[in-house]
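[1] Please work out how this folds:
(one chain, ligands or ions: 2)
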Amino acid sequence: MRQLLVTGGAGFIGSNFVRYWLAHHADDRLVVLDALTYAGNLESLSGLESLANYQFIHGDICDAELLEEILPENDIDTIVHFAAESHVDRSILGPEAFIRTNVQGTFTLLEAARKAWVNARRGQRLVHVSTDEVFGSLERHEPPFTETSRYRPNSPYAASKAAADHLVRAYFHTYGLPVLTTNCSNNYGPYQFPEKLIPLTIINALENKPIPVYGDGCNVRDWLHVEDHCRGIEAVLAAGEKGQTYSIGASNERENLDIVQQICNCLDGMLPSKRPRRDLITFVTDRPGHDRRYAIDASRMRNELGWHPTYAFADGLEQTVRWYLAHRRWWERVRRGDYRHYYAQQYGVSEA
Ligand code: NAD
Ligand code: TYD
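    Numbers count the residues shown, from 1 in each chain. Ligands and ions are numbered 1, 2, ... in the order given. The predicted structure is shown next:
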């Protein structure tokens with residue numbers, strides 16, 4: 001029986017992980033720590049409150065005192081660290097919050113774990129959830145990223161995650177802290193905040209609003225269903241080697257424009273409209289420093305841990321579109337307030 005601390009459990013991947021874990025490991029106890037920033041949403045965890053083995057704590061990973069209380073009090077032996085500022089465009093508009101949470105926050109968590117686990121005798125483990133963006137951008141002909149790819153972060157977001165990865169590595173080598181790092185490709189699925197490409201496209205298409213595509217739309221991302229990512233983290237927790245890193249991805253490279261068109265076609269099939277929704281696609285000014293291509297080679301995950309993705313992309317995307325159709329209240333609420341302001345600033349439209 002494990003006692004887990006999940007940081008950032010009210011965000012997109014965190015909330016999917018919490019649901020997945022409680023459904024598959026009913027004997028474990030799970031504590032979520034989340035600061036409930038604009039991206040954190042308690043509604044993504046609704047229905048879990050009544051479970052005796054689940055607890056939510058509203059708090060910040062930069063709060064050392066709080067962490068030093070939570071870890072021993074709950075006898076935490078497993079930490080899954082999702083909490084982060086996660087959106088590249090926001091990191092370009094305002095990088096400071098990324099340095100604070102992703103670098104300082106990860107450092108604070110590592111220090112708290114080091115203190116709590118002085119004698120790491122019970123198989124304690126901390127999984128640091130990172131991204132393929134730390135490796136920079138690939139040319140079309142280059143092979144996908146692996147665990148040995150060079151760190152070449154290009155956005156403030158990627159640089160802050162790279163810094164966190166380095167701290168995690170150093171805590172293993174210097175203090176023997178039982179850490180593992182995962183570098184995952186782009187996730188999609190239920191509960192993703194509408195600022196990211198796939199939910200933004202679904203929602204704008206539903207509302208008959210322009211669908212903004214940066215640059216020429218030919219940037220490539222390697223898409224993984226969030227549930228497959230959760231299963232990957234589960235495999236790393238169960239059998240990963242301490243101090244190692246694991247690249248997670250589904251070898252599912254797509255150009256942005258293809259994704260957007262696929263979503264439009266999918267919605268046209270489900271909810272016919274007068275004009276095809278692809279007419280809403282609008283090419284807008286490119287993101288500064290926009291990485292051209294990400295791709296992951298997940299051979300280590302497959303060969304050493306026996307993990308493999310289960311979702312075919314077309315099925316996963318259709319399921320995701322259906323989820324947003326069925327959860328209008330969820331996304332209508334999360335995009336109130338700060339999001340309207342951000343959207344106006346990012347896309348140069350009025351807030352009304
Ligand atoms: P998200 O932005 O949806 O959620 C982040 C969560 O962290 C939110 O609930 C937020 O309230 C919380 N948080 C932020 N600052 C905090 C702080 N100081 N203290 C406590 N909680 C705080 O992000 P996501 O897409 O779910 O990503 C989760 C993790 O996975 C991140 O570390 C991200 O770098 C990584 N990742 C994401 C993707 C992706 O495609 N989304 C891919 C690979 C890796
Ligand atoms: P995003 O979902 O922000 O993830 P990331 O930048 O971490 O890969 O973006 C995915 C791709 O979609 C990326 O190449 C940028 C592009 N994009 C658009 O073309 N338009 C948009 O409005 C957004 C948010 C992203």
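[2] is ligand 1 contacted by the longest helix seen in the chain?
    Counting residues, the longest helix in the chain under DSSP state H turns out to be helix 156-175. Yes: Helix 156-175 is in contact with ligand 1 by CB under 6 Å from any ligand atom, via Lys161. To be clear about C-beta, it is placed using only N, CA and C from the backbone, and glycine gets the same treatment.
[3] That helix: what's the following helix or strand?
    As assigned by DSSP states H and E, the chain's next helix or strand after helix 156-175 is strand 179-184.
[4] which helices and strands does the longest helix of the chain pack with?
    Using 3 or more CB pairs under 8 Å, 6 or more residues apart in numbering; DSSP states H and E as the contact criterion, the elements in contact with helix 156-175 are helix 88-93, helix 96-98, helix 106-116, strand 125-131, strand 179-184.
[5] and it, how far from the chain's centre?
    17 Å (CA atoms, centre = their mean, to the nearest Å).
[6] Stretch 213-232 too?
    Offset of stretch 213-232 from its chain centre (CA atoms, centre = their mean): 11 Å.
[7] Buried residues, it. List them.
    Within stretch 213-232, the residues scored as buried using 16 or more other CB atoms under 10 Å are 213, 217, 219-232.
[8] Mean confidence (pLDDT) on that stretch, please.
    Across stretch 213-232, pLDDT averages out at 98.
[9] is it anywhere near ligand 2?
    Yes: for stretch 213-232 and ligand 2, the contact criterion (CB under 6 Å from any ligand atom) is met by Val213, Tyr214, Asn219, Arg221.
[10] Isn't the second one up against Gly289?
    Looking back up the chat, that one is Tyr214. No: using CB atoms under 8 Å, Tyr214 is not in contact with Gly289; the gap is 11.4 Å.
[11] The stretch 101-250 of the chain against ligand 1: which residues are in contact?
    Selection of the stretch 101-250 of the chain residues close to ligand 1 by CB under 6 Å from any ligand atom yields Thr101, Gly105, Val129, Thr131, Lys161, Cys184, Asn186, Asn187, Phe193.
[12] which of those has the most neighbours?
    Highest neighbour count within those: Lys161, with 29 neighbours (other CB atoms under 10 Å).
[13] for the protein, what spans make up the helices?
    Going by DSSP H, the chain shows helices at 12-24, 64-73, 88-93, 96-98, 106-116, 156-175, 197-206, 226-239, 256-270, 299-305, 313-326, 328-334, 338-347.
[14] Columns distance to ligand 2 and mean pLDDT on top of the helices and strands packed on helix 156-175, output as TSV?
    Output for the helices and strands packed on helix 156-175, formatted as TSV (distance: least, CB to the nearest ligand atom, whole Å; pLDDT from 0 to 100):
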stretch	distance to ligand 2	mean pLDDT
helix 88-93	4	98
helix 96-98	13	98
helix 106-116	18	98
strand 125-131	7	98
strand 179-184	11	98
